[in-house]
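Visitor: predicted coordinates and the sequence they were generated for:
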Amino acid sequence: MRFMFIVKATGYSEAGGNYNQKYTDAMIAYKKSLAGAGVLVSAEALHPSSTGIRIMYPSDSEKPEILVGPFLADQELIAEYTLIDVDSEADALNWALRMPVPTGCGEFKIEVRKLKKNLGFLRYSGTCALEADLKDQLSMLKNF
Amino acid sequence: MRFMMIVKATSDSEAGVLPSQEQFDAMQKYNEELVRAGVLLAADGLMSSSNGIRISYPEPGGKPKIMDGPFTEAKELIAGYTLIEVKSREEAIEWALRMPDPHGFGQGEIELRQVFEIEELTNNDDLLAKETALRKQVKEQRQA
């Protein structure tokens, strides 16, 4: 089952600052152990919300309302996420608690959310193409 | 450049109400267009926050505090995301505006955020090399 670790934005990340070297090193080591265990799917960081936009559909009206960032950091903004694929919720929680935290930058929050089941062809489009090729080859062999 | 379209949660998504057939069809059609244009990297839906947890670090260097979902501020929670790779910010905005209103009853909201490329996060050659190796490893594991 897949889980997403959502790292919430802080005033620091919204200001575009990089966390210290110690944290960056710890994060790389953490991702390495995730990859080593074969559970890492992806991990990305987002630009501060100052370069973001919001598209809102406030009523049944056809036209969207567009807001340009920055958005308030206390509105649960996202700064980073890590996607993992593990066998149990306990595994996910254990990994989440091992995620390093920067020191000296105030409160830090990580949200753990379970992903819905595979949305068919959307997941790992590369893998799906490979799978389709393999199936084709198999049926060719069977009919040979 | 990569962008993330973050679909915000609504009272329906938090209540676990599944999209209507009409909404599902519109979203699938949109996703197919993204695939045909070769810009889709990933798209997933998250389960409601009722089975999510939050890990916060209120005191720098201190112990984590764990909270079980559901969380209340639906508007700032995430219900899904779509990751795309495009040539420009304008192209990303265009795709974001073409995404069907995710809710349809006045609560639909999409946030568009640019994703950091590793080169933008650090100019430390050692870190760059490690991160590139990690990404390669994950890609190979996923294709295996």
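Guide: Alright, I've got the coordinates. Numbering: from 1, shown residues only, chains lettered A, B, ... in the order given.

Visitor: quick one, helices of chain B?
Guide: B:11-14, B:21-36, B:89-98, B:118-121, B:125-143 (DSSP state H).

Visitor: and the ones you listed, which one is worst for confidence?
Guide: Looking at these, the lowest mean pLDDT belongs to helix B:118-121 (a mean of 83).

Visitor: helices or strands up against that one?
Guide: helix B:125-143 (3 or more CB pairs under 8 Å, 6 or more residues apart in numbering or on different chains; DSSP states H and E). In short, each C-beta sits where N, CA and C put it, glycine included.

Visitor: please point out which parts of stretch A:55-72 sit buried.
Guide: Residues of stretch A:55-72 classed as buried: A:55-57, A:64, A:69, A:71 (neighbour count, 16 or more other CB atoms under 10 Å in any protein chain shown).

Visitor: ugh, wrong one, I meant stretch B:17-32
Guide: B:19, B:23, B:26-27, B:30-31.

Visitor: from these, pick the one nearest chain A.
Guide: B:N31 (5.9 Å; CB to the nearest CB).

Visitor: pLDDT weak spots in chain A?
Guide: For chain A, the stretches with pLDDT under 70 are A:60-61, A:74-75, A:118-135, A:142-144.

Visitor: now do the helices in it.
Guide: A:11-14, A:21-36, A:89-98, A:125-143.

Visitor: need those in JSON lines with mean neighbour count and distance to A:S50, can you?
Guide: Output for the helices of chain A, formatted as JSON lines (neighbours: other CB atoms under 10 Å in any protein chain shown; distance: least, CB to CB, whole Å):
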{"stretch": "helix A:11-14", "mean neighbour count": "18", "distance to A:S50": "7"}
{"stretch": "helix A:21-36", "mean neighbour count": "16", "distance to A:S50": "22"}
{"stretch": "helix A:89-98", "mean neighbour count": "15", "distance to A:S50": "28"}
{"stretch": "helix A:125-143", "mean neighbour count": "10", "distance to A:S50": "31"}
